[in-house]
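In: need the 3D shape of this:
(chains A and B)
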Amino acid sequence: MGDESLDGSLDDRTSSDRSSDGGPTDGGNGSTDANVEPPKGVEPPTIERLVALHHAVLYRYAYRLTGSPADAEDLTQQTFLAAHANLDQLRSAEAGRGWLFTILRNSFLKTQRKRTPLAAGSIDLDVNSLPDARAAEPSIDREQLQSAINELPDEFKLVVLMFYFESRSYREIAEMLDMPVGTVMSRLSRAKGHLRRRLFEAEPELNGASDLKAPRLHAAAVSHPR
Amino acid sequence: MNVQHDPNNQWPVARVTVAKWLPAIDACRPASDDLSLVELHELAAELATNPRLAQMHDRIQSLDAAIARAVVDVPVPEGLQARLMASLAAAALPTIAGSTPAAVSSAAAVAAEAGENAAVLSTPGLVTSGLATPASIASPESSRRALPSGRWPTGRILAYGALAASVAAAAIYLSRPEPQPIGADEIMQFAVDFHEQAEDTATQAPVPASAVPIGSSGNANYPLSTAITAGGKTQMRDISDFLGRSGVAYDMSRGRARATLYVVDLSASRSAAPVEPALPPAPLAMPEFDTGGHCVAVWQATGLLYVLVVDGGPREYQNFVPPAGRIASREASRPAWLAGNRAPTGRDLLFDKVSLI
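Out: Prediction:
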């Protein structure tokens, strides 16, 4: 484990301040006004400062996207190289996380070519098999989570990671990925359904013992490992 | 949102209710005020009056919080920051433009001193052609000896350079990997995405469509499939870029059930990847792909690919796929030679329904 503490996206984010951490003046979608002067008292961003502040969270995001430590490090490196070339777009290093996330996502998409189909099967949610919200919080195996994320097609992976990792609203995701809101909601629901099936429904102790389980759909459960 | 619900309520949430509200519930970020968003007002109202749905919402919120904490729980490799800084420092070192070898670049500098055709000597294509090796153009003396007196043979150099570039391009083209055939699962997922994007687009700009009379087969090149029961009301519209192909979409409705049948040509073109041959000749008894909001069937017949996207679940699906047209399973539809993993005989090709296009 590195020397950085976890700086998960849930800790300090509310729905009202999403755009504030983007740094760029546009609210975080990556396009910026050039030649923007940093506010008084704020140091102009340097690449050293950006790396020091954000390399850990960027690596974690890259790892979730790629599923591989080596690929994650490569992707992180590409992101900082691109950021270095466009540093004039950023007001301050402290506000650069959203901007770096955008570069990271774009870099990731450029390196992906093969379209991986989502495993065929129903995402019908058997409500009574989900762990009770009032029960102890379920533990999630880190490797199992990554394995489930790896099975997602890239466009689903991006949407669900923007939801969980960046804590973006579906509206923000739609704007940032230039996608219809309905498509985002559908993909988000399908991707989350896939994660829930893989993480929770396979564990009998987490399945409710209800006699009133909703009927399961017939499905050709064909999976396509990457 | 604070919702009171009766934990003793044992009635399950109806599947229709789950299918209708799940995407909206999934859109709510944990510990957020997303229910106050305009697009989620209906959900908020429903949660206030449907205790079981509210319980489902609470469960999903709890699981989402757990997943969100797990998502960011990734160990960072030791020394990552130092390695990143080292790579940035290396990238910042002054380098010759692009990726030209040092010899070529120095040759370019020599040519610049000579004052003529610097651009020609600096092109990588010239080096790879072998006609002007870095060694031969490295020094001003050797470059002057190699040239006809008084003139640079620019025409010949350009011609040879163009030939070398053509040979290289052809080698790259011929060595490119053949596109992999796409299978049923990929087709069905594509179809759902295509269908949802079309729905979103249609709300902003309706697509021109023409009515298909009952009993008509529709477009002669992309006819309605006889394996399904078309709706009482059917509209037909042109589509493009469906798996890289053009075709027709039939928007059907039977009562409250709605579906769209996409029909495209199976044959591969330069821009379209081939489709695997082992698709069933008719829709399956139950949908193979079900997202909770749509269910999908794919089959092929008479050289055409058919993809049926139904709004809803199996009950709605069965409105459009009559018992006579169904196949029990994809395995049951596979011809014997394909299932037996052997080459087809002449009899197989005559009597089996699988298209080999």
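
In: how close does the residue in chain B positioned nearest to chain A get to A:Thr79?
Out: Closest contact between chain B and chain A, by CB to the nearest CB, is at B:Val76 (3.2 Å). Yep, even glycine has a C-beta here, placed from its N, CA and C like the rest. From B:Val76 over to A:Thr79 the distance is 15 Å, taken as CB to CB, to the nearest Å.

In: between the two, which one's more packed in?
Out: Set side by side, B:Val76 and A:Thr79 show more neighbours around A:Thr79, with 27 against 23, by other CB atoms under 10 Å in any protein chain shown.

In: touching chain B at all, stretch A:61-79?
Out: Yes - counting by CB under 8 Å from any CB of the partner chain, chain B has neighbours in stretch A:61-79: A:Tyr63, A:Arg64, A:Pro69, A:Glu73, A:Thr76, A:Gln77.

In: and the two most separated of the residues you listed?
Out: Within the residues of stretch A:61-79 next to chain B, two members stand farthest from each other by CB to CB: A:Arg64 and A:Gln77, at 16.6 Å.

In: go ahead and confirm A:Phe108 touches A:Ala62.
Out: Yes - at 7.5 Å, A:Phe108 and A:Ala62 qualify as touching, with contact defined as CB atoms under 8 Å.

In: quick one: which of the two has more around it?
Out: Neighbour totals were compared for A:Phe108 and A:Ala62, and A:Ala62 leads with 26 against 22 (other CB under 10 Å).

In: and the more buried one, that one's in a helix?
Out: Yes - counting by DSSP: H, G, I helix; E, B strand; the rest coil, A:Ala62 falls inside a helix.

In: is it true that it touches A:Leu75?
Out: Yes - judged on CB under 8 Å, A:Ala62 makes contact with A:Leu75 at a distance of 4.1 Å.

In: okay, and the common contacts of the two?
Out: Listed as contacting both A:Ala62 and A:Leu75 by CB atoms under 8 Å, 6 or more residues apart in numbering or on different chains are A:Leu104, A:Phe108.

In: count of neighbours near B:Ser225?
Out: B:Ser225: 24 surrounding residues under other CB under 10 Å.

In: I meant to write B:Ala198 there.
Out: 18.

In: and it, what does it touch?
Out: B:Val207, B:Ile239, B:Ala249.

In: quick check on the residues you listed: which are buried?
Out: Applying 16 or more other CB atoms under 10 Å in any protein chain shown to these, the neighbour count classes B:Ile239, B:Ala249 as buried.

In: out of the contacts of B:Ala198, who's nearest B:Val38?
Out: Nearest to B:Val38 among the contacts of B:Ala198, with distances taken as CB to CB, is B:Val207, at 26.8 Å.

In: where does that closest one sit: helix, strand or coil?
Out: Under three-state DSSP, B:Val207 comes out as coil.

In: ok, and the closest non-adjacent residue to it?
Out: B:Arg237 (5.2 Å; CB to CB, 6 or more residues apart in numbering or on different chains).

In: need the contact list for that neighbour.
Out: B:Val207, B:Pro208, B:Ala209, B:Ser210, B:Val248, B:Ala249, B:Asp251.

In: now the helices for the stretch 1-150 of chain B?
Out: Here the stretch 1-150 of chain B has its helices, by DSSP state H, counting those that start in this stretch, at B:15-26, B:41-49, B:51-71, B:80-92, B:102-114, B:118-121, B:124-128, B:140-146.

In: likewise chain A?
Out: A:47-66, A:69-85, A:97-111, A:142-150, A:154-164, A:170-177, A:181-196 (DSSP state H).

In: Serialize those to JSON lines and add fields for mean pLDDT.
Out: Output for the helices of chain A, formatted as JSON lines (pLDDT from 0 to 100):
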{"stretch": "helix A:47-66", "mean pLDDT": "95"}
{"stretch": "helix A:69-85", "mean pLDDT": "95"}
{"stretch": "helix A:97-111", "mean pLDDT": "92"}
{"stretch": "helix A:142-150", "mean pLDDT": "93"}
{"stretch": "helix A:154-164", "mean pLDDT": "94"}
{"stretch": "helix A:170-177", "mean pLDDT": "93"}
{"stretch": "helix A:181-196", "mean pLDDT": "92"}
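
In: Throw those helices into a markdown table and include distance to B:Asn50, thanks.
Out: Shown next, in a markdown table, are those (distance: least, CB to CB, whole Å):
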| stretch | distance to B:Asn50 |
| --- | --- |
| helix A:47-66 | 34 |
| helix A:69-85 | 42 |
| helix A:97-111 | 36 |
| helix A:142-150 | 29 |
| helix A:154-164 | 24 |
| helix A:170-177 | 21 |
| helix A:181-196 | 18 |
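
In: closest to B:Ile182 out of these?
Out: Going by CB to CB, the one of these nearest B:Ile182 is helix A:154-164, 16.0 Å.

In: tell me which strands and helices the closest one is in contact with?
Out: helix A:47-66, helix A:97-111, helix A:142-150, helix A:170-177, helix A:181-196, helix B:51-71 (3 or more CB pairs under 8 Å, 6 or more residues apart in numbering or on different chains; DSSP states H and E).
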